[in-house]
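*Asks:* Got a sequence here, can you model it:
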Amino acid sequence: MIRKAILKDVNSIEDTYNEHFQYELNHTAFTVFKKGVYPTKDDAERAIYAGALFVYEENGTIVGSIIIDKVQPIEYATIPWKEKLSEDEVMVIHLLMVRPSMSGKGIASSLIKFATELAQKNSCRALRLDTGSQNIPALSLYQKNGFEIIASASKKVGDVIAHKNHLFLEKIL
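*Replies:* Numbers count the residues shown, from 1 in each chain. Down below sits the predicted model:
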């Protein structure tokens, strides 16, 4: 079940982030995320207050989350998107996280489908996101779900982690 996150979910969401950090420490790191820097419990709280954080809950346990809204990061202004759209016509996936122990079960695809439907309900004409070029699993997931790579440029991930060769993707709705 996907639902809007509430403040009492923050510790479970943080546990999801921590499981991700531990997984990348023990295995291959595909993201540039840094524990204590981004994503953090504070990032989740801010997204909850903004009404932008949704969770995927299974048997009473939060196994994934997505932050989605109509706020485009500053770097998006320089990207040659397929269509020139107003701020109100674009929804952005800022962070999609699934517990590594739950990967391969279609949770991420379900969250993307949810984001697509939410964008359509909000009269958006495009769904945009960005990911690191080294994040092959995420890139494959997004392309499988209808996103197209539009550009590669530098970006500050979570507004704090500088990253070159970042990919910007778009799905026209």
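
*Asks:* ok, and the closest residue to Pro80 other than its chain neighbours, which helix or strand is that part of?
*Replies:* Leaving aside its sequence neighbours, Pro80 sits nearest to Ala151 (Cβ to Cβ, 6 or more residues apart in numbering; 6.1 Å). (Glycine included, C-beta is placed from N, CA and C.) Using DSSP states H and E, Ala151 falls within strand 148-157.

*Asks:* so what strands line up beside that strand?
*Replies:* Here strand 148-157 is paired, per DSSP bridges, with strand 161-172 (antiparallel).

*Asks:* list the buried ones in stretch 113-130?
*Replies:* In terms of neighbour count (16 or more other Cβ atoms under 10 Å), stretch 113-130 has its buried residues at Phe114, Ala115, Thr116, Leu118, Ala119, Cys124, Ala126, Leu127, Arg128, Leu129, Asp130.

*Asks:* Asn18 and Lys35 touch, don't they?
*Replies:* Yes: the criterion here is Cβ atoms under 8 Å, and Asn18 meets it with Lys35 at 7.3 Å.

*Asks:* ok, so of the buried residues of stretch 113-130, who is nearest Glu57?
*Replies:* Proximity of the buried residues of stretch 113-130 to Glu57 (Cβ to Cβ) peaks at Phe114, which lies at 12.4 Å.

*Asks:* how about the closest one, phi and psi?
*Replies:* phi -60, psi -50 (degrees, to the nearest 10).

*Asks:* Contact partners for it?
*Replies:* Phe114 makes contact with Ile2, Phe54, Ile66, according to Cβ atoms under 8 Å, 6 or more residues apart in numbering.

*Asks:* Need the contact partners of the top helix by length along the chain.
*Replies:* The helix spanning the most residues in the chain, taking DSSP state H as the definition, is helix 10-26. The list of residues contacting helix 10-26 from outside it, by Cβ under 8 Å, 6+ apart, reads 5, 30-31, 33, 35, 39-41, 44-45, 48, 53, 55, 61-65, 97-101.

*Asks:* residues of it that come out buried?
*Replies:* Buried residues in helix 10-26, counted by 16+ other Cβ under 10 Å: Val10, Ser12, Ile13, Glu14, Thr16, Tyr17, Glu19, His20, Phe21, Tyr23, Glu24.

*Asks:* can I get these in a markdown table with pLDDT?
*Replies:* Shown next, in a markdown table, are the buried residues of helix 10-26 (pLDDT from 0 to 100):
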| residue | pLDDT |
| --- | --- |
| Val10 | 97 |
| Ser12 | 97 |
| Ile13 | 97 |
| Glu14 | 97 |
| Thr16 | 96 |
| Tyr17 | 96 |
| Glu19 | 95 |
| His20 | 94 |
| Phe21 | 93 |
| Tyr23 | 93 |
| Glu24 | 92 |
